[in-house]
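Trainee: Fold the following and give me the result.
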Amino acid sequence: MDATALPVKLKFLYKELEREMHANILPFWMSQVADHENGGFLGRITNDGIAVIDAAKGSVLNARILWTFSAAYNLTGRPEYLENAQRAYAFFTKHFIDSQYGGVVWSVMANGEILNGRKQIYAQAFGIYAFAEYYLATGEQDAILLASDLYGFIEKNAFDTKCNGYIEARSRKWESLEDLRLSEKDANEPKSMNTHLHILEAYTKLFEIWKDDDLGNKLQNLITIHTDKILSAENGHFNLFFDMDWNPKSEHYSFGHDIEGAWLLTEAARALGLKGVTEKTERLAVKMAGITFQEGIAEDGSLYNEGLKGQVIDIDRHWWPQAEAIIGFINAWEISKNTEFLAAACKAWDFINEHMRHPSGEWWWLVNSRYEPDESQDLAGEWKCPYHNTRCCIEVMKRINNYYANNYPELLKSLSEKN
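Mentor: Below you'll find the model as predicted:
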């Protein structure tokens, strides 16, 4: 990609993802998922667009909705996004915050009554992530207090003082559990890559608004956990599950989590402002992006789902890894200036644009190697949310805007012009 083509390509990608967020993804969540009877958002929308009015509502989905509309407002200033963030915040704070024992409960009934009060640490992390972003959107002081309270609950009840890291889950009363799984497909092990990755993500966002020394130390420790415990020195992938002593308990790996973790680690290091840590994570991000590109990318530019011992073992194209691939490759291009990463991000978008979008504007859960969508999966539900794909749009727009400001300031205005 030559120098003259670069600003054209970047502007095209910017405009495509800007349109995707404003015209497709967020209109679906505002018009079809808002719960006008019970407040907040519905717990489930089937693949054919049917609203399941009495479906349970999960804390992870609702925290992700809160983060999504808060972040979209912070980027664009559009009042409809703030309105939906406020809708999400009102329901979440009223029903998902456990007034008796503290923390975020796992799920509630459609009307907000507690259904499952267990304290999955993953859910606490997403509460922090959402409240911190909402504070940036509104200046609401209670949001900082709620986020810092959740941070305190995690550190008090889930941090392993002996072997380091965080235990997966506690009961509603913060007591030990035998079944620690985040979902039925997960291994019942006390520690996981997934939970640690999203604590890292949450603490990074919280540190942006709360420069607490202890929080900064915990964030730096999380970076070290990822580089020294979770990342396999043998193959350059994240291991997925661990026992208390950090012995890996699985061999397969997730391409989506690898490329997502690569850029989240750099964001954490940059938030801390530590030069040596930042340089280390940036080198790692480029390396992991390279491995993902070599091992996990199909000829059509899409990202496969899982691998094992150097082989792809799940060739389906799930929706969220495609979004994370774009951010991860853009991040690697920014660091390395290798335009092959930028080309990979653009090709990933071409695949999404052609094959992943549902007629509603949301994305299919997955398509197979023949590009046939799995029509049995929901459009909205406990694990189907607007967080990954909206964040992809937001991150790409922010990064391209910054790149223009630093390299093509005379063209910066053209990014905000209507086509």
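
Trainee: Show me what counts as buried in stretch 173-183.
Mentor: 174, 177, 180, 181, 182 (16 or more other C-beta atoms under 10 Å). Every C-beta, even on glycine, is put in place using the N, C-alpha and C of the backbone.

Trainee: does the first one sit in a helix, a strand or a coil?
Mentor: Look at residue 174: counting by DSSP: H, G, I helix; E, B strand; the rest coil, its state is coil.

Trainee: And for it, nearest residue in space, chain neighbours not counted?
Mentor: Leaving out its chain neighbours, the residue that sits closest to residue 174 by C-beta to C-beta, 6 or more residues apart in numbering is residue 157, at 4.5 Å.

Trainee: okay, now the one you found: neighbour count?
Mentor: By the criterion of other C-beta atoms under 10 Å, residue 157 has 18 neighbours.

Trainee: ok, it - contacts?
Mentor: Going by C-beta atoms under 8 Å, 6 or more residues apart in numbering, residue 157 touches 119, 170, 174.

Trainee: wait, doesn't the first one sit right on residue 167?
Mentor: It stands for residue 119. No: when contacts are counted by C-beta atoms under 8 Å, residue 119 is not listed as touching residue 167 (10.5 Å).

Trainee: gap between stretch 107-120 and the chain center?
Mentor: Mean C-alpha position of stretch 107-120 versus that of the full chain (C-alpha atoms, centre = their mean, to the nearest Å) differs by 22 Å.

Trainee: what mean pLDDT does that stretch have?
Mentor: What stretch 107-120 shows for mean pLDDT is 98.

Trainee: again with stretch 326-345
Mentor: 98.

Trainee: Just give me the closest of the contacts of residue 157 to residue 400.
Mentor: residue 119 (39.0 Å; C-beta to C-beta).

Trainee: ok, what's across the strand from that closest one?
Mentor: residue 170 (DSSP bridges).

Trainee: tally of neighbours for it?
Mentor: 28.

Trainee: List the residues that contact it.
Mentor: 98, 101, 103-106, 153, 157, 169-172, 174.

Trainee: Only the buried subset of those, as a PyMOL command please.
Mentor: To isolate the buried ones among these in PyMOL, judged by 16+ other C-beta under 10 Å, type:
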select buried, resi 98+103+104+105+106+153+157+169+170+172+174
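
Trainee: Would you mind listing the outside residues contacting stretch 130-144?
Mentor: 63-64, 66-67, 70-71, 73-74, 82, 85-86, 88-89, 92-93, 146-147, 150, 202, 205-206, 208-210.

Trainee: make it 7 Å
Mentor: 63, 66-67, 70-71, 73-74, 82, 85, 89, 146-147, 205-206, 208-210 (C-beta atoms under 7 Å, 6 or more residues apart in numbering).

Trainee: go on, stretch 268-279?
Mentor: Contacts for stretch 268-279 (C-beta under 7 Å, 6+ apart): 200, 204, 207, 208, 216, 219, 220, 222, 223, 281.

Trainee: and the next element down the chain from whichever strand or helix holds residue 278?
Mentor: Assigned by DSSP states H and E, residue 278 belongs to helix 275-296. Where DSSP H and E defines the elements, the next helix or strand beyond helix 275-296 is strand 306-308.

Trainee: between the contacts of residue 157, which is nearest residue 414?
Mentor: Out of the contacts of residue 157, the member with the shortest distance to residue 414 (by C-beta to C-beta) is residue 119, at 48.4 Å.

Trainee: Look up how far residue 193 lies from that closest one.
Mentor: 20 Å (C-beta to C-beta, to the nearest Å).

Trainee: Repeat that for residue 401.
Mentor: Distance from residue 401 to residue 193, by C-beta to C-beta: 31 Å.

Trainee: Comparing those two, which residue is more hemmed in?
Mentor: Between residue 401 and residue 193, counted using other C-beta under 10 Å, the more crowded position is residue 193 (25 against 16).

Trainee: Run a quick check on the more buried one versus residue 238, I expect a contact.
Mentor: Yes: between residue 193 and residue 238 there is a contact under C-beta atoms under 7 Å: 4.7 Å.

Trainee: Overlap in contacts, these two.
Mentor: The contact sets of residue 193 and residue 238 overlap at 230, 257 (C-beta under 7 Å, 6+ apart).

Trainee: In CSV, list the buried residues of stretch 173-183 along with pLDDT.
Mentor: CSV is the format used below for these (pLDDT from 0 to 100):
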residue, pLDDT
174, 98
177, 97
180, 98
181, 97
182, 96
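
Trainee: Okay, and which of those map to strands?
Mentor: Assigned to strands by DSSP state E, none of these qualify.

Trainee: which of the residues you listed lies closest to residue 407?
Mentor: Closest to residue 407 out of the buried residues of stretch 173-183 is residue 182 (41.5 Å), distances taken as C-beta to C-beta.

Trainee: ok, that closest one to residue 191 distance?
Mentor: When distance is defined by C-beta to C-beta, residue 182 is 12 Å away from residue 191.

Trainee: what touches both of these two?
Mentor: residue 168.

Trainee: How many neighbouring residues does the nearest residue to residue 298 once chain neighbours are set aside have?
Mentor: Nearest-residue entry for residue 298: residue 304, 6.2 Å, with adjacent residues in sequence omitted and distances by C-beta to C-beta, 6+ apart. Using other C-beta under 10 Å, residue 304 is surrounded by 22 other residues.

Trainee: what do you get for residue 266?
Mentor: Residues near residue 266, counting by other C-beta under 10 Å: 26.

Trainee: OK, contacts around it?
Mentor: Residue 266 neighbours (C-beta under 7 Å, 6+ apart): 281, 282, 285, 331.

Trainee: give me the element it is part of.
Mentor: Taking DSSP H and E as the criterion, residue 266 maps to helix 255-272.

Trainee: which stretches of the stretch 51-200 of the chain form helices?
Mentor: 59-76, 79-95, 121-138, 141-157, 193-209 (DSSP state H, counting those that start in this stretch).

Trainee: so can I have CSV of these showing distance to residue 347?
Mentor: Output for these, formatted as CSV (distance: least, C-beta to C-beta, whole Å):
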stretch, distance to residue 347
helix 59-76, 24
helix 79-95, 29
helix 121-138, 29
helix 141-157, 37
helix 193-209, 25
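
Trainee: For residue 345, see how far away residue 289 is.
Mentor: In terms of C-beta to C-beta, residue 289 sits 10 Å off from residue 345.

Trainee: Oh, that last question was meant for residue 337, not what I typed.
Mentor: Taking C-beta to C-beta as the measure, residue 337 falls 14 Å from residue 345.

Trainee: Equivalent analysis for residue 393, please.
Mentor: 13 Å.
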